Every structure is written in C-alpha cells, then in structure tokens.
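[1] Give me coordinates for this.
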Amino acid sequence: MAETQKTSQKITLAKGLNMGLRKAMEDDPKVLLMGEDVGKLGGVFRITDGLQKDFGEDRVIDSPLAESGIVGTAVGLALRGYRPVVEIQFDGFVYPAYDQIVCQVAKIQFRSQGKLKMPMVIRIPFGGGIGAVEHHSESPEAQFAHTPGLKVVACSNPVDGYWMIQQAIACDDPVIFLEPKRQYHADKAELDESATPGPLFSSRVVRSGTDATVLAYGPTVKSAMAAAEAAATEGKSLEVIDLRTLSPLDMAPVYDSVRRTGRAVVAHEAHVNLGMGAEIASRITEECFYSLEAPVLRVGAFDTPYPPSRIEEDYLPDLDRILDAVDRSLAF
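    Residues are numbered from 1 along each chain as shown. Next up, the predicted model:
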C-alpha cells in the first residue's frame with residue numbers, strides 16, 4: 001500500500017511565509033518578489049531563502065537600497081498585470097517610499113474609477129523585541145491604516161503567515177502586510193496545507209473567556225495569550241481576539257465579545273497616542289456603550305522614539321502591563 005502523503009508539519013512563522021510565497025509563485029507566474037537582499041541572501045530574516053535559486057533572478061529580484069525605487073517599480077509592474085511582492089527590510093525604512101505608497105499605490109484605483117488595479121503586497125517586518133535600535137523596531141501600522149485605499153493586515157502565527165500571504169497576493173487591492181519580526185523564529189505550529197483558511201480580512205477569537213476581552217494583533221497576540229493564562233490562575237477568564245486585519249477592521253466578533261464580557265483592553269506595540277487602540281476603543285464605545293462596565297483601556301508603548309536595546313523590554317507592553325489594565329478594568 002502506498003504511503004499517504006503527509007500534508008501537515010510543524011513550522012515557524014518564517015517558514016510559513018517562505019512556503020506561502022513559494023506556493024503563490026508556483027500558482028501564478030505573474031507573482032514577482034523584489035527588495036533589498038531578498039534574492040541571493042534570502043532576506044535579512046531569511047524569509048525568501050531559496051526562492052531566487054528555484055525561480056530565477058527575473059522573479060526574485062535583488063534591488064538597490066532605495067525603497068522609493070522599489071515601490072515605484074512595483075507600481076509599474078502592477079499596472080502591467082504583474083503581482084509584485086516587495087519587501088521593506090525593516091519597518092523604519094519604509095518612509096522613503098511613503099510618498100509612493102500614499103500618493104500612488106493607495107490612489108490609482110480610485111483615480112482611474114476602478115479601471116486600473118493595483119495588486120501589490122508590501123511586506124514590512126514590524127515591532128520590537130530583537131534588540132535593535134530605532135528604524136529597525138518601529139510600529140507604523142496606524143499611518144497606513146489611516147490611508148484610504150490601502151488594506152493592512154498583521155499575521156501573528158505560522159499558520160496565518162502561510163495562508164495570509166497567499167491571500168494578500170491574490171487580492172486585487174494593495175495590501176500592507178505586517179510581520180512581527182520577533183515571532184519569525186520563535187514558535188512552531190502545526191500547518192495542514194489541505195485545510196481551508198478563513199477570510200483574509202477577518203478577526204478571530206483565539207481564546208474564549210467571560211470576564212474581559214483583550215484585543216491584540218501581530219506581536220502582542222502572544223503577550224495577550226500569556227496574560228490570559230496567568231489571569232486564569234487567579235480565577236479570571238479573559239477572551240482574546242486576534243484582530244488580524246487593521247484596515248478594514250472586522251469589528252463584529254469584537255462587538256459580540258464585548259457585549260458578553262462588558263470590558264475591553266486593546267494592546268499593541270505602537271505608542272498609545274493616536275494608535276490603532278484609539279480607533280478600536282472609539283468604535284467599541286459607539287456600538288457597545290450600554291454593555292460596557294468600564295472604559296475601554298489601551299496598552300502600548302510610551303510616546304517616545306524607540307529606545308536603546310538595553311531598555312527595550314521596559315518600553316514595550318508585556319504580560320504585566322496587560323494584566324494591570326485588566327485589573328483596572330475589573331475594578332470599575
């Protein structure tokens with residue numbers, strides 16, 4: 001009897017993204033990868049490792065160190081029917097391309113009344129926790145989510161990394177694809193390649209609970225889950241939602257949860273002032289006002305530029321700061 005082909009394996013987030021990119025390139029010859037050191041080196045985090053060797057230099061392109069040029073070239077490719085996937089090497093390096101992203105990538109479909117599509121993915125490793133300095137550990141997601149015309153998603157685990165990158169590439173809208181760099185090689189999860197993934201632009205309850213709702217995305221999902229486990233030892237039941245999509249926000253599961261728990265805490269690595277938590281808190285207050293037992297609380301980094309690595313862990317929100325917010329919410 002022939003051995004059944006194995007369809008599941010344990011992978012890291014880095015491996016899941018690599019496999020997802022490979023699958024997208026195999027399925028569609030119009031998918032191209034481009035960025036600084038993505039080819040021969042395989043990317044600084046090795047996300048594109050082996051892809052240039054297998055698909056050639058015409059499809060996995062080592063670019064000059066010029067983010068505006070990378071994104072501008074991708075705009076032309078997308079207009080000509082390709083599906084470019086560009087890598088911004090670190091989050092803080094995206095700003096030279098910010099003009100291209102906001103003024104061209106986000107607007108071309110609207111400017112052309114839908115006649116021109118912009119099927120383009122901009123991969124951005126984001127967040128801290130790797131001991132790097134400013135420009136290498138930032139969280140600029142709110143700036144992109146605030147820009148009409150851009151879709152913004154953030155994966156938090158290996159399985160989502162595999163499926164979400166493929167779904168983003170298949171999308172006809174431009175997608176800012178945020179990858180929590182501290183999670184690239186941190187944890188493994190079981191991937192079943194024969195499974196059917198959920199929709200790309202949807203949030204997901206990842207832990208059920210009854211006392212309070214904790215909302216997170218990207219790198220803070222792991223912290224929120226750890227906080228929920230710690231709270232459980234004290235008899236507190238926290239529901240954790242992985243938002244996954246920041247623009248558009250999928251608020252239906254959030255509203256349903258908050259109406260049941262009566263309390264909400266939003267956690268992200270970006271600083272609190274005008275961050276994603278502000279928009280989420282506002283929407284919850286508008287829709288769930290009469291269900292709330294306490295104000296919606298936000299947990300994030302401090303309103304300063306990213307600090308030196310020796311005090312990075314004091315700067316980033318962690319399990320203790322999430323639990324402190326939960327305790328303050330429950331005290332109302």
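[2] Show me the shaky parts of the stretch 151-300 of the chain.
    Counting by pLDDT under 70, the stretch 151-300 of the chain contains no low-confidence range.
[3] where along it do the helices fall?
    Ranges of helices in the stretch 151-300 of the chain, per DSSP state H, counting those that start in this stretch, are 158-170, 220-232, 252-261, 276-288.
[4] so of these, which one's packed in deepest?
    For the helices of the stretch 151-300 of the chain, the largest average neighbour count (mean count of other Cβ atoms under 10 Å) is found in helix 158-170, namely a mean of 24. To be clear about C-beta, it is placed using only N, CA and C from the backbone, and glycine gets the same treatment.
[5] Would you check how far apart residue 45 and residue 90 are?
    Going from residue 45 to residue 90 by Cβ to Cβ, to the nearest Å gives 10 Å.
[6] what is in contact with those two at once?
    By Cβ atoms under 8 Å, 6 or more residues apart in numbering, residue 45 and residue 90 have these common neighbours: residue 125.
[7] picking that back up, will you turn the helices of the stretch 151-300 of the chain into TSV that also has distance to residue 245?
    Shown next, in TSV, are these (distance: least, Cβ to Cβ, whole Å):
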stretch	distance to residue 245
helix 158-170	9
helix 220-232	13
helix 252-261	11
helix 276-288	11
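[8] For residue 308, which of the ones you listed is the nearest?
    The minimum distance between residue 308 and the helices of the stretch 151-300 of the chain falls on helix 220-232, with 21.3 Å, by Cβ to Cβ.
[9] In terms of secondary structure, what does that closest one contact?
    strand 204-207, strand 212-216, strand 238-242, strand 264-271, helix 319-331 (3 or more Cβ pairs under 8 Å, 6 or more residues apart in numbering; DSSP states H and E).
[10] what do you get if the cut-off is 6 Å, keeping everything else the same?
    If contacts are counted by 3 or more Cβ pairs under 6 Å, 6 or more residues apart in numbering; DSSP states H and E, helix 220-232 sits against strand 238-242, strand 264-271, helix 319-331.
[11] Contacts for it, please.
    For helix 220-232, the external contacting residues (Cβ atoms under 6 Å, 6 or more residues apart in numbering) are 156, 207, 214, 216, 238, 240, 242, 267-268, 318-319, 322-323.
[12] Keeping just the C-alphas, turn it into PDB.
    Presented in PDB, the C-alpha positions along helix 220-232 are these (Å, rounded to 0.1, in the frame of the first residue of the first chain):
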ATOM      1  CA  THR A 220       1.100  41.300  21.100                       C
ATOM      2  CA  VAL A 221      -1.200  38.300  20.500                       C
ATOM      3  CA  LYS A 222       1.300  36.100  22.200                       C
ATOM      4  CA  SER A 223       1.500  38.500  25.100                       C
ATOM      5  CA  ALA A 224      -2.300  38.600  25.400                       C
ATOM      6  CA  MET A 225      -2.500  34.800  25.400                       C
ATOM      7  CA  ALA A 226       0.200  34.700  28.100                       C
ATOM      8  CA  ALA A 227      -1.800  37.300  30.100                       C
ATOM      9  CA  ALA A 228      -5.000  35.200  29.800                       C
ATOM     10  CA  GLU A 229      -3.200  32.100  31.000                       C
ATOM     11  CA  ALA A 230      -1.800  34.000  34.000                       C
ATOM     12  CA  ALA A 231      -5.200  35.500  34.800                       C
ATOM     13  CA  ALA A 232      -6.800  32.100  34.700                       C
END
